[in-house]
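Asks: need coordinates for the below:
(one chain, ligands or ions: 2)
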Amino acid sequence: MEEQKTAVRYVIGKHAANGYYPVTVDGIPTGTIHRRHKVWYATVPGTVNDARFTNRLDAAEYHVHMYDLGIRPKVPAQAPAATDAPTHTPATFLLPDLRLTVANLLRAAEAMARLAQLGWAPLEGYPGADQPWLLRCRLCGWTGHRFWSHLRGRNGDMVPRPAHRHDGCVPISEFPAGLRALAVERTRTCPCASRPHPTTFGDAVDVINGLSSDLSTGNRARALALAAVMLEPCPATVRRAEELRAAYTMREKVVKDSRRRA
Ligand SMILES: [Zn+2]
Ligand SMILES: [Zn+2]
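Replies: Ligands and ions are numbered 1, 2, ... in the order given. So this is what the prediction gives:
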């Protein structure tokens, strides 16, 4: 849990009209990132070259490396505006790279829960089953891309294939002990001080219903806040996903029944 909380030290702000996103590291403005022709560029004012990356998270992470090297802009770039603050939770980065729907957010929440059980930490939002997903191996610290369709197994049997996690990981014989050690930090109720995450059926119903209504009325700010409580790191992520699924299933049934009666 602690590892997940400290994993992301940068915050990507809301993009300006010119397409540049301000970045802060540990709350200090460090420059910008922007995308051009499928390439992400990281710019630290005062340095000569823009660094190039294939995704925005690596571009933002570059700011952390530069910051730690003591290479910081003399004239700070503009910090993210204060009004953006509510959406700049870890979950901002964990929003699925899919259309924002209740079903997609639920799938993302379930994938987060399963990742926790498998000893992976997501470094970006759930991209769908067959897209590369940037993850950190919690058994050894390796960072790289894996496919959810491989991790969840064939026909969703939840047995990762291959059994081998990635090149250079700890030996397969050490996986069970490593995963048991990580399991100790998981809980069945949410202990988070930052804000509560839904781990009861009633709370999950409130989240699912609230999200459905916010998405249908276009209240994006409130929908993002609810997406955050579904997705952001929580020791009770497994229980959360179970209750959200139960709430969603009930809601679908109610909607179907009311259609049949109509
Ligand atoms: Zn590993
Ligand atoms: Zn929590």
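
Asks: quick check: residues of this structure near ligand 1?
Replies: 137, 139-140, 142, 165, 169 (C-beta under 5 Å from the ion). Where C-beta positions appear, they are placed from N, C-alpha and C, glycine not excepted.

Asks: tell me which of the residues you listed fall in strands.
Replies: Cys137 (DSSP state E).

Asks: how about TSV for the residues of the chain next to ligand 1, with neighbour count added?
Replies: Converted to TSV, those look like this (neighbours: other C-beta atoms under 10 Å):
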residue	neighbour count
Cys137	20
Leu139	20
Cys140	14
Trp142	16
Arg165	21
Cys169	17
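
Asks: make CSV out of the residues of the chain next to ligand 1 and add distance to ligand 2 and pLDDT.
Replies: Compiled in CSV, the residues of the chain next to ligand 1 are given as follows (distance: C-beta to the ion, whole Å; pLDDT from 0 to 100):
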residue, distance to ligand 2, pLDDT
Cys137, 23, 94
Leu139, 23, 93
Cys140, 26, 91
Trp142, 26, 92
Arg165, 26, 92
Cys169, 28, 94
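
Asks: center of the protein, which residue is that?
Replies: Ranked by distance to the mean C-alpha position of the chain (C-alpha atoms, centre = their mean), the top residue is Leu94 at 2.0 Å.

Asks: tell me the mean pLDDT for stretch 212-219?
Replies: Averaging pLDDT along stretch 212-219 gives 95.

Asks: likewise stretch 35-53?
Replies: Here stretch 35-53 scores 75 as its mean pLDDT.

Asks: check which residues of that stretch are buried.
Replies: Residues of stretch 35-53 classed as buried by neighbour count (16 or more other C-beta atoms under 10 Å): 35, 40-44, 50-51, 53.

Asks: try stretch 96-105
Replies: Residues 96, 98, 102, 104-105 are the ones in stretch 96-105 that count as buried (16+ other C-beta under 10 Å).

Asks: among these, name the ones in strands.
Replies: Per DSSP E, strands hold no members of these.

Asks: show me what the helix or strand containing Val64 is packed against.
Replies: Val64 is part of helix 56-68 when elements are defined by DSSP states H and E. Contacts defined by 3 or more C-beta pairs under 8 Å, 6 or more residues apart in numbering; DSSP states H and E place helix 56-68 against strand 10-12, strand 21-25, strand 28-36, strand 39-43, strand 51-53.
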